[in-house]
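Following is a predicted model, sequence given first.
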Amino acid sequence: MTTLIIGGAGYIGSHVAREFLDQGHRVTVYDNLSSGLRENLFPEETFIHGDIQDYPRLVRAAKEGFDALIHLAAYKAAGESMVQPEKYSLNNINGTIHILNAAVEAQIPCIIFSSSAAVYGEPVYLPVDEQHPTNPENYYGFTKLEIERFLGWYEQLKGIRFAILRYFNAAGYDAQGRITGLEQNPANLIPVIMEAACGIREEVQVFGNDYDTPDGTGVRDYIHVSDLAKGHVAALDYIHRYQRSLTVNLGSETGFSVLEILEAARRISGKPIPARITQRRQGDPGKLTASAGYARETLGWTARFSDLDTLVRTSWNVYRKQYYQG
């Protein structure tokens, strides 16, 4: 099949592109390189340097003839979205409308969308399944939920099938070392810890140690990015086989605390990694873990690489190579 991956030069997008290539797809990446990197592109894929706000260029790219479109082009920093909602409105909402309309014009039959557990908000119960109420607590999560609603309408009105993949916390790197581009200005815990291990940051801030968790620090469900990538391929296979849309969680169903990850990173890297306890961040739940039962049932998908050591070790291998081996 031929697949257009919008945002395919980014951290998650490059892993998704690699998995589609590994499965024999012909891949075209469309990316403006605002956060994606040329070093994350592969020789066997076609690259189009373009922005989703450039609608004529986006339509021309989409009309090259694709069986599917993968949408990974949304901004994703929850904190930033609360102080710059206009930025998230323009890119995530307006940009997605451009993508949907381009798919209609190009007659692309299905879309895989990278959504987020942020659509759920504060957990009412754990683990969080797909029937959990959706009540985003930040503007980023709101934009993701709105995009999900757009997809529902475009299926109803235009017949475009979709898979909504609600990610939990993406982490790790390709175990074969084929992807080495580092996230730019990361806000997620593991790359922040890696930067502290490499001396780029002075310390890691631990936001609260008084939660009702075993060590008092927040517990999150971390899903290896290669597992996420395999979920995209499985979702596309599902749509083609059954001609049905779906919304599904992609998570490991296992929670790791901030201190657990810090200790694993210290052990694996051999670096002291300074850390300082600070106040809780508003809206951060003490624990958030996924139910991935529906993904197992519908896609035959399970998280294979999302154990703590693999998450940390594959990250450290990339950061060590970048900063210690040149």
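Here it is on my side, so go on.

what about the strands in the stretch 51-200 of the chain?
With strands called from DSSP state E, counting those that start in this stretch, the stretch 51-200 of the chain shows them at 68-71, 110-116, 161-167, 169-171.

R178 is nearest to which of the ones you listed?
Across the strands of the stretch 51-200 of the chain, R178 has its closest neighbour in strand 169-171 (17.0 Å, C-beta to C-beta). In this view, the C-beta of every residue, glycine as well, is placed from N, C-alpha and C.

Direction included, what does the closest one pair up with?
Paired strands of strand 169-171, with direction, are strand 219-224 (parallel) (DSSP bridges).

Would you mind checking the average pLDDT for the partner strand?
Averaging pLDDT along strand 219-224 gives 98.

try stretch 153-169
98.

What of stretch 198-216?
Here the average pLDDT along stretch 198-216 is 95.

cool, stretch 253-262 as well?
pLDDT averaged over stretch 253-262 gives 97.

Same question for stretch 307-315.
On average, stretch 307-315 scores 98.

before we move on, what about stretch 64-78?
On average, stretch 64-78 scores 96.

Give me the distance between the two termini of that stretch.
Stretch 64-78 stretches 34 Å from its first residue to its last (C-alpha to C-alpha, to the nearest Å).

Next, the buried residues of it.
Applying a neighbour-count criterion of 16 or more other C-beta atoms under 10 Å, one finds F66, A68, L69, I70, H71, L72, A73, A74, Y75, K76, A77, A78 buried in stretch 64-78.

What about the nearest residue to the first one once chain neighbours are set aside, how many residues nearby?
Nearest residue to F66, sequence neighbours excluded (C-beta to C-beta, 6 or more residues apart in numbering): L4, at 4.5 Å. Other residues near L4 number 29, with proximity taken as other C-beta atoms under 10 Å.

my read is L4 is in a helix, agree?
No. Read with DSSP: H, G, I helix; E, B strand; the rest coil, L4 is strand and lies in no helix.

Could you report the pLDDT at it?
For L4, pLDDT reads 98.

Y324 now?
The model's pLDDT for Y324 equals 78.

For G199, see how far away it is.
10 Å (C-beta to C-beta, to the nearest Å).

same check, this time on H224
26 Å.

higher neighbour count, these two?
H224 (25 against 9).

my guess is the more buried one meets G172, correct?
Yes. With contact defined as C-beta atoms under 8 Å, H224 counts as touching G172 (4.1 Å).

which residues do these two both contact?
When C-beta atoms under 8 Å, 6 or more residues apart in numbering defines a contact, the residues bordering H224 and G172 alike are F305, S306, T310, L311, T314.

Show me those that map onto helices.
Those of the shared contacts of H224 and G172 mapping onto helices are T310, L311, T314, per DSSP state H.

Redo the residues you listed as JSON lines? Include neighbour count and distance to I111.
JSON lines is the format used below for these (neighbours: other C-beta atoms under 10 Å; distance: C-beta to C-beta, whole Å):
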{"residue": "T310", "neighbour count": "18", "distance to I111": "30"}
{"residue": "L311", "neighbour count": "26", "distance to I111": "28"}
{"residue": "T314", "neighbour count": "22", "distance to I111": "29"}
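
so which of the shared contacts of H224 and G172 would you say is closest to S245?
The closest of those, once distances to S245 are taken by C-beta to C-beta, is S306, at 25.6 Å.

I appreciate the help and will end here.
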